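Participant: how would this look folded up:
(chains A and B)
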Amino acid sequence: MFNQMREKRLLVLPALFDEANKLRRLTVEIMRRLDMSGVDSFLPDLPGCNDSLQPLHTQTLANWQHAAAEAGKLFDATHVLSFRSGALLAPSDVPGWQYAPHGGKSLIRSMMRARSIAAREAGREETLAGIEASGRQDGINLAGWRIGPELFAALADADKPGTGAQTEIAQAEVGGGGLWLRAEPDEDHEQADAIAAIVAVGVAVS
Amino acid sequence: MTGEPVTDSNEDTADKASGLAPSRQVIDDKLRGILCDVLGLDADHVETFDADTGLFGHLPELDSMAVAGLLTEMEDRLEIIIEDDDVDGEMLETYGGLLAFAEAKTVAG
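Facilitator: This next block holds a predicted model:
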């Protein structure tokens, strides 16, 4: 959190699960740059993630959306910046940006596929359809995250959300490849510069 | 793996004339672009990948999570659907195997 009680206050909503790990450096680098541009920012832990004391498997999408809205109010956020599937959590009436937004569908598909490939390497056969069925029924452990049935179903059905009061920042505007795709977490100063510049200019005029 | 890549490159010039080469070239370019993003390598480096360049099992960073991301990105950018049965060691082992798979899927789709 960067908080000097300044007028421009940005709620930052992280990407989900493994993508959050891949984008953590980029996210924090952007917040640092915005701090130097006179913008306060706040990156909350979602309930059940990171330092949150709540269990992950009882979380739902509605629960996370509520938590994101409450975090925005607590911080008196004037703007919001979401990363990837974090766009699903952004309060639609708060102005701001969605960086490379996508829904939960392809995120969950990737995570199910990772489980299927890992199972095959271990000599077991787990199909995507089978993993999806048990995820919807009982919840499932995907890549180390224990996702409850409600959250699983909500994410597996989630298309890319509408922008609401926010503007999409496409990867093409930022340049380079999306860091969430990287096999290893990495950082990219030019990408952080580009996104921070879009946000800094945007908060100044609105 | 023996004859295939050689035949491919020999056909390149002929295909260009028949109009087939661009689509093959497009798939090749897109696939290299995805690998650049996943592996965090320069385009110049990925450009040196040939049919026999080892991928899964040869590059330590390509674990199951990264391969899953790679396949999902291929689905998005190449507009294909990759089924469970499609994913096997041969397809993932070399760049040539992955490219042949992508080409076959694109044609079928």
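
Participant: who's in contact with A:Ala156?
Facilitator: A:104-105, A:108, A:132, A:135-136 (CB atoms under 8 Å, 6 or more residues apart in numbering or on different chains). Where C-beta positions appear, they are placed from N, C-alpha and C, glycine not excepted.

Participant: how about B:Val67?
Facilitator: B:Val67 neighbours (CB under 8 Å, 6+ apart): A:113-114, A:117, B:56, B:92.

Participant: again, 10 Å this time
Facilitator: A:110, A:113-114, A:117-118, A:183, B:38, B:55-56, B:87, B:92 (CB atoms under 10 Å, 6 or more residues apart in numbering or on different chains).

Participant: same check, this time on A:Arg109
Facilitator: A:128, A:131-132, A:156, B:68, B:71-72, B:75, B:82.

Participant: by proximity to chain A, which residue of chain B wins?
Facilitator: B:Asp37 (3.1 Å; CB to the nearest CB).

Participant: with chain B in mind, check whether stretch A:119-135 reaches it.
Facilitator: Yes. Contact of stretch A:119-135 with chain B (CB under 10 Å from any CB of the partner chain) involves A:119-122, A:125-131.

Participant: just the ones of the contacts of A:Ala156 in strands?
Facilitator: Nothing among the contacts of A:Ala156 maps onto strands, per DSSP state E.

Participant: what average pLDDT does the longest helix along chain A get?
Facilitator: The residue-count maximum for a helix in chain A (DSSP state H) belongs to helix A:18-36. Mean per-residue pLDDT for helix A:18-36: 96.

Participant: how about the nearest residue to B:Gly57, chain neighbours excluded?
Facilitator: B:Glu93 (6.4 Å; CB to CB, 6 or more residues apart in numbering or on different chains).

Participant: pLDDT score assigned to B:Thr2?
Facilitator: Taking B:Thr2 on its own, its pLDDT is 43.

Participant: phi, psi of whichever residue of chain A sits closest to chain B?
Facilitator: With CB to the nearest CB, the shortest gap between chain A and chain B falls at A:Gly177, namely 3.1 Å. Dihedral pair for A:Gly177: phi -90, psi 150, per degrees, to the nearest 10.

Participant: I figured it hits A:Asp188, correct?
Facilitator: Yes. Contact criterion CB atoms under 10 Å: A:Gly177 and A:Asp188 qualify, at 8.8 Å.

Participant: more neighbours, these two?
Facilitator: Shown here are A:Gly177 and A:Asp188; by other CB atoms under 10 Å in any protein chain shown, A:Gly177 has more neighbours (23 against 19).

Participant: tell me who's in contact with the more buried one.
Facilitator: Applying CB under 10 Å, 6+ apart, the residues near A:Gly177 are A:171, A:186, A:188, A:191, B:33-41, B:43, B:73.

Participant: list, one by one, the residues from chain B near chain A.
Facilitator: So chain B meets chain A at B:33-41, B:43, B:56-57, B:59-73, B:75-76, B:82-85, B:87-89, B:92 (CB under 10 Å from any CB).

Participant: please convert the buried members of these into PyMOL selection syntax.
Facilitator: Buried subset of those, written as a PyMOL selection, criterion 16 or more other CB atoms under 10 Å in any protein chain shown:
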select buried, chain B and resi 34+35+36+37+38+39+40+41+56+59+62+63+64+65+66+67+68+69+70+71+72+73+75+82+84+87+92
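
Participant: if I pick the residue nearest to B:Gly57, what's in contact with it?
Facilitator: Per CB under 10 Å, 6+ apart, neighbours of B:Glu93: B:1, B:52-58.

Participant: show me the helices in the chain, by range?
Facilitator: Let's take chain A. A:18-36, A:61-74, A:105-121, A:128-138, A:149-156, A:171-174, A:189-205.

Participant: actually, chain B is the one I wanted.
Facilitator: Under DSSP H, chain B gives helices at B:4-18, B:21-39, B:43-47, B:64-78, B:89-93, B:95-108.

Participant: so which of those gets nearest A:Leu142?
Facilitator: helix B:64-78 (10.1 Å; CB to CB).
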